[in-house]
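Chemist: Sequence below, structure please.
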Amino acid sequence: MGKRFVSIGECMIEMSGGADRQYRMGFAGDTLNTSWYARALLPADWTVDYVTALGDDIYSKEMRAFLEGAGIGTAHIQEIKGRRPGLYMIHQSGGDRQFTYWRGQSAAKQLADDEAALAEALDGADIVYFSGITMAILAPRARGRLIKAIVRARDAGARVLFDPNLRPTL
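Modeler: Have a look, this model is predicted:
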């Protein structure tokens, strides 16, 4: 039987490019990017699942389809009615990339609100991965629920990977 890598975090709509105010839409985020590479580099018998929350809008549906098309499991993505994915734009300034974020309606901010769904998502995980951004977008009680679920997974044998990915503005 294969092993299971579970990544927890926020996938966002990414608008990049910007030359002549023309942008290309994609989907990205620290934990999603890690899931992408995990799926590409882990043996085929590994399952890679993404744990987040999305809205009920067209972009959430496109994001889910994008993940599924990449071979990343979406069974543990919650749908939050009336919410949307977060969005960010990248622009170049002084030879460096600059980011502007819109997260007010981000469904991912509620990814740890359902304690039972979170426990189910981590059940049987061999590796659990999350980041400082995952923690920063959550309300204090939700952070506690997430840590509790991760500790349970660790106690059941999962290896826990944490990327601080410090973002002072969060």
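Chemist: After the longest helix along the chain, which helix or strand is next?
Modeler: Taking DSSP state H as the assignment, the helix of the chain that covers the most residues is helix 140-155. Proceeding N to C from helix 140-155, the next assigned helix or strand is strand 159-163, under DSSP states H and E.
Chemist: which residues touch that next one?
Modeler: Residues outside strand 159-163 that contact it (CB atoms under 8 Å, 6 or more residues apart in numbering): D30, T34, D126, I127, V128, Y129, F130, S131, G132, I150, A153, R154. (Each C-beta comes from the backbone N, C-alpha and C, glycine too.)
Chemist: ChimeraX command to pick out the buried ones of those?
Modeler: Selecting just the buried residues from the contacts of strand 159-163 in ChimeraX takes one command, with 16 or more other CB atoms under 10 Å as the test:
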select :30,34,127,128,129,130,131,132,150,153
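Chemist: Which of the contacts of strand 159-163 sits closest to G95?
Modeler: Comparing these against G95 with CB to CB places D30 closest, at 22.6 Å.
Chemist: Pretty sure that closest one sits against R167.
Modeler: No: D30 sits out of contact with R167 when judged by CB atoms under 8 Å, with a separation of 9.3 Å.
Chemist: Can you work out which residues contact both of those two?
Modeler: The contact lists of D30 and R167 share I133, where a contact means CB under 8 Å, 6+ apart.
Chemist: Against which helices or strands is the longest helix of the chain packed?
Modeler: Packed against helix 140-155, as judged by 3 or more CB pairs under 8 Å, 6 or more residues apart in numbering; DSSP states H and E, are the following elements: helix 115-122, strand 127-131, helix 132-137, strand 159-163.
Chemist: Run through who's touching stretch 139-147.
Modeler: So stretch 139-147 is contacted by I8, K109, Q110, L111, A112, D113, E115, L118, F130, T134, M135, L138 (CB under 8 Å, 6+ apart).
Chemist: what about the second one, distance to V151?
Modeler: Separation of K109 from V151 (CB to CB, to the nearest Å) stands at 21 Å.
Chemist: Closest to D57 out of the contacts of strand 159-163?
Modeler: Set against D57, the nearest of those by CB to CB is D30 (22.4 Å).
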